[in-house]
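one predicted model, sequence on top.
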Amino acid sequence: MCQLSVNGVSHYAGSVTDDPLIRNQSGTARERPVDQSVEELELETAIAHNVRRLRRQQGLSVGDMATRVGISKAMLSKIENAQTSCSLSTLARLANGFDVSVTSLFRGAEMERSAVFVKAGEGSEIIREGSREGHEYELLGSLRGEHKRLECLLVTLTEKSVTQPLFQHAGTEFLYVLEGVLDYAHSRSVYRMHPGDSLQLDGEGAHGPVELVELPVRFLSVIAFPDSAV
C-alpha cells in the first residue's frame, strides 16, 4: 500500500486483491494449441454456450442431461466449458436430446464481434472540456454495444499550469502511466504515479492531475460508461 503526503495529510492507495478475474469466471479461459484455428475455437464456444443455455432452460443438471444424451457427465462438462471438440455423432446426440436442430447448436458462431484497431500516431485528436495548451487527448477508440460503451484515450501533458482540469462522469475509469511522474487526485485522495502505475476509479468522484512532477506525462485513460450514460 502506497502513501503520499499532500499538504500534511497522508493518503493511501488501495491494494490490489488476488481475486480471480471476472472474465474467467463469467466466460471461458483455456489454452489454444498453436495448430488450432480461432474459427474452430469460435465454434466450440458457440456450442458450449448453446448447450449450457438449453440444459438450464430445461432445468436439468449436468448429470441428468448427460444420461439423457447418452454421454458421460465429464464429457458434457467439457463441452459446456469449450474444452473439447464435438464429433458429429455427439452433436447429433445433443440435438436429439434437446429436441432441436444440429445447426441451432452453432448459433452465434457466425456473429461478427466488434473491435477497434488504431495504429500508433493515427488516433483522432479530440478537444474535450478541460483541454488547454500542453494538454493533448488522442482518441484510441470508442467501442459501443448493446450494453456497454468503452472510450480509450492517450493523454499527453507537456506544460505545467496554475490550473488543472477536474473531471466527473458516470462509469469506471482506468489510468495507466506510460511516461513521466504526476500526482493524480480522486475524491479526497492523491496518488503519486510513475510509469507502470495504474489507478482504477469511480468516475463520479472528482478526479484529475494536481501536479505534473516530471514532464512530459503520458498515460492511458480507459472509461467504461454504464448503460444510462450511452
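That came through, no problem.

who's L182 bridged to?
Going by DSSP bridges, L182 is paired in beta bridges with M193, L212.

tell me who's in contact with it.
157, 192-193, 209, 211-214, 217, 219 (Cβ atoms under 8 Å, 6 or more residues apart in numbering). Heads up, the C-betas are built off the backbone N, CA and C, glycines and all.

and those, which are buried?
Buried members of these, scored by 16 or more other Cβ atoms under 10 Å, are 157, 192-193, 209, 212, 217, 219.

need the phi and psi values for the closest residue to Q200 other than its chain neighbours.
Of all residues not flanking Q200 in the chain, F174 sits nearest, at 4.9 Å (Cβ to Cβ, 6 or more residues apart in numbering). Backbone torsions of F174, given as degrees, to the nearest 10, read phi -120, psi 130.

and F174, how many neighbours?
14 (other Cβ atoms under 10 Å).

from A66, how far out is it?
According to Cβ to Cβ, to the nearest Å, F174 stands 41 Å off from A66.

how does the protein divide into domains?
Domain segmentation of the chain under automatic domain parsing yields 22-106, 115-229.

can you give me the helices for the chain?
Listed in chain order, the helices of the chain (DSSP state H) span 22-26, 38-57, 62-69, 73-80, 88-98.

per-residue confidence at the residue positioned nearest the centre of the chain?
With distances taken as Cα atoms, centre = their mean, R23 lies nearest the centre of the chain, 7.7 Å away. What the model reports as pLDDT for R23 is 71.

figure out which of the helices of the chain is closest to F225.
Proximity to F225 (Cβ to Cβ) singles out helix 22-26 among those, at 17.6 Å.

picking that back up, now for the buried ones among the contacts of L182: which two are most distant?
Maximum distance among the buried ones among the contacts of L182 (Cβ to Cβ): 15.2 Å, for L157 and R192.

neighbours around Q58, how many?
Counted with other Cβ under 10 Å, residues neighbouring Q58 total 13.

F98 is in contact with that one, correct?
Yes. Counting by Cβ atoms under 8 Å, Q58 touches F98, with 7.4 Å between them.

check contacts around S72.
So S72 contacts A66 (Cβ under 8 Å, 6+ apart).

list phi and psi for it.
phi -70, psi 160.

please apply the same query to H194.
Torsion angles, degrees, to the nearest 10, at H194: phi -110, psi 170.

nearest residue to it in space, please, no chain neighbours.
In this structure, H194 finds its nearest non-sequential neighbour in V181, 5.4 Å apart by Cβ to Cβ, 6+ apart.

which pLDDT value belongs to S161?
At S161, pLDDT is 83.

what is the neighbour count of R53?
14.

same question, L41
Residue neighbour count, defined by other Cβ under 10 Å, stands at 17 for L41.

hang on, it packs against Q83?
No. Using Cβ under 8 Å, L41 makes no contact with Q83, being 11.0 Å away.

where does this protein have low pLDDT?
1-18, 24-40, 109-117, 127-133, 145-148, 228-230 (pLDDT under 70).

quick one, strands of it?
3-6, 9-12, 124-126, 135-144, 149-157, 172-186, 189-193, 198-202, 207-225 (DSSP state E).

which other helices and strands contact the fourth one?
Read it as strand 135-144. Under the contact criterion of 3 or more Cβ pairs under 8 Å, 6 or more residues apart in numbering; DSSP states H and E, strand 135-144 touches strand 124-126, strand 149-157.
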